[in-house]
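Undergrad: can you look at this prediction? I've put the sequence above it.
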4 protein chains.
Amino acid sequence: MCRFLLYKSNSPILLADLLTRPAHSIIMQSFNCKLLIDKRKTMNGDGVGLGWYMEPRAKGCIFTSTLPAWSNINLQRLAENIKSGLVFAHVRATTGGTVTSESNCHPWQYGNLMWMHNGNIGGFDQIKRRMQNSLKEEIYLNIQGTTDSENAFAVFLNMLEDPLGRKEFSFDELKQAMLATIEQINQWLDEAGVTETSLLNFAVTDGQTVVCTRYITDREREGASLFYSSGSEFRCEEESSTYRMIKANKREDVVVVASEPLTYEKSDWMVIPSNNLLVITPKLNVRLYPIVDQYWNPHRGHQKNVNQNGC
Amino acid sequence: MCRFLLYKSNSPILLADLLTRPAHSIIMQSFNCKLLIDKRKTMNGDGVGLGWYMEPRAKGCIFTSTLPAWSNINLQRLAENIKSGLVFAHVRATTGGTVTSESNCHPWQYGNLMWMHNGNIGGFDQIKRRMQNSLKEEIYLNIQGTTDSENAFAVFLNMLEDPLGRKEFSFDELKQAMLATIEQINQWLDEAGVTETSLLNFAVTDGQTVVCTRYITDREREGASLFYSSGSEFRCEEESSTYRMIKANKREDVVVVASEPLTYEKSDWMVIPSNNLLVITPKLNVRLYPIVDQYWNPHRGHQKNVNQNGC
Amino acid sequence: MCRFLLYKSNSPILLADLLTRPAHSIIMQSFNCKLLIDKRKTMNGDGVGLGWYMEPRAKGCIFTSTLPAWSNINLQRLAENIKSGLVFAHVRATTGGTVTSESNCHPWQYGNLMWMHNGNIGGFDQIKRRMQNSLKEEIYLNIQGTTDSENAFAVFLNMLEDPLGRKEFSFDELKQAMLATIEQINQWLDEAGVTETSLLNFAVTDGQTVVCTRYITDREREGASLFYSSGSEFRCEEESSTYRMIKANKREDVVVVASEPLTYEKSDWMVIPSNNLLVITPKLNVRLYPIVDQYWNPHRGHQKNVNQNGC
Amino acid sequence: MCRFLLYKSNSPILLADLLTRPAHSIIMQSFNCKLLIDKRKTMNGDGVGLGWYMEPRAKGCIFTSTLPAWSNINLQRLAENIKSGLVFAHVRATTGGTVTSESNCHPWQYGNLMWMHNGNIGGFDQIKRRMQNSLKEEIYLNIQGTTDSENAFAVFLNMLEDPLGRKEFSFDELKQAMLATIEQINQWLDEAGVTETSLLNFAVTDGQTVVCTRYITDREREGASLFYSSGSEFRCEEESSTYRMIKANKREDVVVVASEPLTYEKSDWMVIPSNNLLVITPKLNVRLYPIVDQYWNPHRGHQKNVNQNGC
């Protein structure tokens, strides 16, 4: 049971207003999740990571820690001090056999790119060698940890031209690389005869454009939950002391994507349908694209959302 | 919501058989507690500590960590390797304002003595100065952290003669020092006009005798839960793959005290009544003494056990 | 052997340009110090801390860690990303009996104030109780660790009116509180009959004004080394690839104070004489005041600088 | 600049007597090394690891930490409490590009086998893929970190039959696997055209037999230093308060192998010549075998020992 959250806006937000102060904070109250399916794992105590960009065309910064968010004093102090217009946040619970270490904490970065994942590649062990053998040398050697998520990032990087050196990427380039990554993983899973289901909620950014997916290798079931909300400002309303997505005008100045709604106004949160890719452009336009492959099914669901899942 | 566990036996147990392997392991599954009252704190992720003695008259050893037990690989490796006949174990959730640090992890030791606490001193801030000013210089200077629990240990040490130098203590000496500690804390709380309730489940050992308490500063309510079980062996039954307290003969070769039953055989676990002190002698006799003071009430309860508490 | 460094300027500096990139970086190469006296302690591996202010009248931010600076990936990533016009940095080597924990890492903060110390209070154990008993309740209860340095900060805070609530302090107020702190510590040391020498290089700021001292409780010897440099910019010269204090005009736009010169241009670094207090005003004026008390000696020295010291 | 130490005896030693109490303790004073060549790296602060066996045919136990040994309170407490007849200890300084994490700390274990390395594979990046592609699936998937040392262990394991399941191995089997590992690494280095020198001081044990090497891929230069000493007991002499290898009788009851002599009696320490393999049998016989390959040179040296090196 992991969760992630990303924020993009033209107006920088104090990280605390996004991460630690809200009553339904995704990283502080992560152990009190209601959309949970794996009853054996009721909290996210195996690592936390933040990523943020100070300036549009500069490298992002990452803070990762194996200390749980709720007792992580450095994380809380940084959140009270740093403002950013593009934030990635991730809380993690290990699944069987994965070591808790800072190398295994999301997000990862490479050049200006940043990546995180909620879900897991079912049967990862059976395709790990295929994944690593497909990589260019410098990408292979850059892998620091042992997770499926970091290896998936490596596959994504391998789809791009000069991922380390370039400062920006077109949204189409990122989108195509993401689709190619999923297609490639599916092909390896098929080759290896894996029957386990994979949950591939990926998010990537170059500091300007964000691309993320809600995806499951199953035609019938829903992917790990993913929501988004947009408005003119995300802030705490003084009278109610609760956080809200303010919609003061028609413009979308803020877009938030998260594994769970961050506020109690459920109507402010749109479900991202399973097996769709969402793009947030540098100008904050949001676009949704169905991922039409062997797992595409426009009539999926009508059932309750069942996968809030591993990773 | 903290919890503790102690084990005393003539036959050393592999720590893993006590701590990490049982299905209802107190330290691994601590986030899935059913006796819980504080709904805001549903797990114990703010530190873990183990203490054990290799030989009867030698100093004990302590391992403490701010990493949660379930992702703490050193703890798991040690548990798979170390055998001991006297074990203390503690999982901790911080309460408001207390920093998560190894200095604030239970148990603490001083000479051959080891101490842990489940509960909290209500209004600790209002009596902290009184506590510290009562201490002999070397005990005052030895305090490393900021918790009520460590300060209560200091008060206990202050009641003993030469706590650092001596290798063993009579059971009566430890019992009297424990009673004097509680009496003294109560007196300071009165002087300071504190009205909050304190939960004082303390455990102490010199490596041979164990003294522990279930205590609450309230005549009507029950203290934080505390159970004990005894038998000839605590081990995993092969057919059912579950841990049990084996009662092969009339002798008590093993005594376990824990905040919650460790096995599914509830009938094997006796409730320690609120405001009682339990002694386990070096020869494994168990004795229970009521703590008769202003909070003594033989007719307490008839209500459900309500305090599984802070710390 | 600890060391500290502080930077104040109207132009924010990337922390990496101050802390991690320079060849003679105070925190990365701290284990290769030439001004060292205690040969048993040749490096600073017991903790590192950074403090910085993003805006003049806002609370500062702190990052502390027990991992050595040179292998501390979060510290290096933050340094590559954060810019600030007021920075405190400290590397620490424990002295006998002090636990390595984040609670014992400099700097500390309280409201808008930030504090660090290079040196040690000789005979601290003998005056600790006097120090703590002099404190107002909220300041006493705020102490998290066990160091002489944090206790000295508490004494300093106790000299100020409303240290938690106020956003700024006049330079005279900070200066008087600093002098009063040293005077008070000296009085306690006298009362306790302490004969050991104390090295009191303190630095404090409210986010605008900086006050620091080089001080020793000895009329003949020199205090722990302390230098300052000022100029129009502190940056890396492209041709030589070395960092320099640029003096492009008469204005002082940057002031750096450090336990050791940060650059190879020794002539750019002025020695702060022993038993002096240095003030950097919000407008970057630097003023030096002799601390005239029982340890004042205008004819001190003529001997080599001997104290690069403990802490 | 790493260092390692191993101890084998029929009489268990308190780890503290080997690791933390001696004046010239390899892990505590590791930052004060005189045989050092890389002047940029004067201490070992990037992680420490201990491994020990409680019983001959049981799995060993490992404690690893990224906190430096000298401020690592858990390590110090364990060392004061655990006795073992077979101990591995390692202190580590990272070399360029390797992350400090517990996954990258020596020793590693797999089944009953334990491994550590002092030195480095020159040009590791150029042969990493060859190494990993040579591995059986379960050994490949077991790799947790990114070091050359752990990958070399994987190659070694790959040479053995059922390395996970078996409880013991003949000394000849371990010796042959070690020689095959070195030969295979050399072959890959040749294939990749690597010209950098490798320093391959490896140590491995199954809990009974120890095999270790001093090896360099150079015909002229000496490998990283390695010494051994044997006697009837390793203990502190009361009169001089220094540790010594006692030679009370002709029997060899204790064998110690270390990167540097542990005591001031230099005559007690024999140099293991470069490009030799040393075996310690379960009965404590010590045998030395030259590794006769393209880097063998019986006339090497006559020069000072120059390599105390990276890793």
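TA: Sure thing, it's come through. Numbers count the residues shown, from 1 in each chain, chains lettered A, B, ... in the order given.
Undergrad: so what touches the lengthiest helix in chain A?
TA: Of all the segments of type helix in chain A, defined by DSSP state H, the longest one is helix A:171-191. Residues outside helix A:171-191 that contact it (C-beta atoms under 8 Å, 6 or more residues apart in numbering or on different chains): A:121-123, A:126-127, A:130-131, A:134, A:152, A:155-156, A:159-160, A:198, A:200, A:202, A:204, A:206, A:209, A:211, A:213, A:215, A:217, A:277, A:279, A:281-282, A:289, A:291, A:293-295. All C-beta spots, glycine's among them, are computed from the backbone N, C-alpha and C.
Undergrad: could you rerun that using 6 Å?
TA: A:I127, A:R130, A:V155, A:F156, A:M159, A:L160, A:T209, A:V211, A:V279, A:T281 (C-beta atoms under 6 Å, 6 or more residues apart in numbering or on different chains).
Undergrad: tell me how far that helix is from the chain's mean position?
TA: From the chain centre to the centre of helix A:171-191 is a distance of 16 Å (C-alpha atoms, centre = their mean, to the nearest Å).
Undergrad: out of the contacts of helix A:171-191, the closest to A:R235 would be?
TA: A:T281 (23.1 Å; C-beta to C-beta).
Undergrad: quick one, grab the pLDDT at that closest one.
TA: Predicted confidence (pLDDT) for A:T281: 96.
Undergrad: before we move on, what about A:T98?
TA: A:T98 is assigned a predicted lDDT (pLDDT) of 57.
Undergrad: just A:K39 next, same as before
TA: Predicted confidence (pLDDT) at A:K39: the value is 34.
Undergrad: coming back round to it: a markdown table please, covering the contacts of helix A:171-191 and showing neighbour count.
TA: A markdown table is the format used below for the contacts of helix A:171-191 (neighbours: other C-beta atoms under 10 Å in any protein chain shown):
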| residue | neighbour count |
| --- | --- |
| A:I127 | 24 |
| A:R130 | 16 |
| A:V155 | 21 |
| A:F156 | 25 |
| A:M159 | 17 |
| A:L160 | 20 |
| A:T209 | 22 |
| A:V211 | 26 |
| A:V279 | 18 |
| A:T281 | 15 |
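Undergrad: mind checking which of the residues you listed land in strands?
TA: Per DSSP state E, strands hold the following members of the contacts of helix A:171-191: A:V211, A:V279.
Undergrad: farthest-apart pair in the contacts of helix A:171-191, please.
TA: A:R130 and A:T281 (33.4 Å).
Undergrad: run a quick neighbour tally on the one residue in the stretch 51-200 of chain A that gets nearest to chain D.
TA: Nearest to chain D in the stretch 51-200 of chain A, going by C-beta to the nearest C-beta, is A:S101, at a distance of 4.9 Å. A:S101 has 26 neighbouring residues, counting by other C-beta atoms under 10 Å in any protein chain shown.
Undergrad: who touches it in this structure?
TA: Neighbours of A:S101 in contact, by C-beta under 6 Å, 6+ apart: D:S101, D:S103.
Undergrad: the lengthiest strand in chain A near chain C anywhere?
TA: Taking DSSP E as the criterion, chain A has its longest strand at strand A:3-14. No: figure legend: strand A:3-14 not in contact with chain C (C-beta under 6 Å from any C-beta of the partner chain); closest approach 10.3 Å.
Undergrad: chain center to that strand: distance?
TA: 12 Å.
Undergrad: tell me the buried residues in that strand?
TA: Residues of strand A:3-14 classed as buried: A:R3, A:F4, A:L5, A:L6, A:Y7, A:K8, A:S9, A:P12, A:I13, A:L14 (neighbour count, 16 or more other C-beta atoms under 10 Å in any protein chain shown).
Undergrad: of all those, which comes closest to B:A258?
TA: Once C-beta to C-beta is applied, the member of the buried residues of strand A:3-14 that ends up nearest B:A258 is A:R3, at 32.5 Å.
Undergrad: A:H117 versus the closest residue to that closest one other than its chain neighbours, what's the distance?
TA: Among residues not flanking A:R3 along the chain, A:S259 sits closest, at 3.9 Å (C-beta to C-beta, 6 or more residues apart in numbering or on different chains). Here the criterion is C-beta to C-beta, to the nearest Å. By it, A:S259 lies 11 Å from A:H117.
Undergrad: ok, those two, which is more surrounded?
TA: A:H117 (30 against 26).
Undergrad: show the contacting residues for A:K167.
TA: A:K167 neighbours (C-beta under 6 Å, 6+ apart): A:R57, A:N112.
Undergrad: what strand or helix carries it?
TA: A:K167 is part of no helix or strand, with elements assigned from DSSP states H and E.
Undergrad: you'd agree A:G119 is up against A:A224?
TA: Yes: using C-beta atoms under 6 Å, A:G119 is in contact with A:A224, at 5.0 Å.
Undergrad: any regions of the stretch 51-200 of chain A where pLDDT drops low?
TA: Applying pLDDT under 70 to the stretch 51-200 of chain A flags residues A:93-100.
Undergrad: strands of that one, start to end?
TA: Remark: strands assigned in the stretch 51-200 of chain A by DSSP state E, counting those that start in this stretch are A:61-65, A:83-91, A:108-110, A:113-120, A:199-205.
Undergrad: dump these to JSON lines, plus distance to chain D.
TA: Below are these laid out as JSON lines (distance: least, C-beta to the nearest C-beta, whole Å):
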{"stretch": "strand A:61-65", "distance to chain D": "11"}
{"stretch": "strand A:83-91", "distance to chain D": "18"}
{"stretch": "strand A:108-110", "distance to chain D": "12"}
{"stretch": "strand A:113-120", "distance to chain D": "15"}
{"stretch": "strand A:199-205", "distance to chain D": "21"}
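Undergrad: of all these, which lies closest to B:M54?
TA: strand A:61-65 (33.8 Å).
Undergrad: pull the number of nearby residues for the residue lying closest to A:P282 once chain neighbours are set aside.
TA: Spatial nearest neighbour of A:P282, chain neighbours left out: A:Q208 (4.3 Å); criterion: C-beta to C-beta, 6+ apart. A count of nearby residues for A:Q208, using other C-beta under 10 Å, gives 22.
Undergrad: so what's A:Q208 up against?
TA: A:P56, A:E168, A:P282.
Undergrad: list phi and psi for it.
TA: Dihedral angles of A:Q208 (phi, psi; degrees, to the nearest 10) stand at phi -130, psi -50.
Undergrad: so which residues on the stretch 1-150 of chain A come close to chain C?
TA: Close to chain C, as judged by C-beta under 6 Å from any C-beta, the stretch 1-150 of chain A has residues A:C61, A:I62, A:F63, A:N74, A:R77, A:N81.
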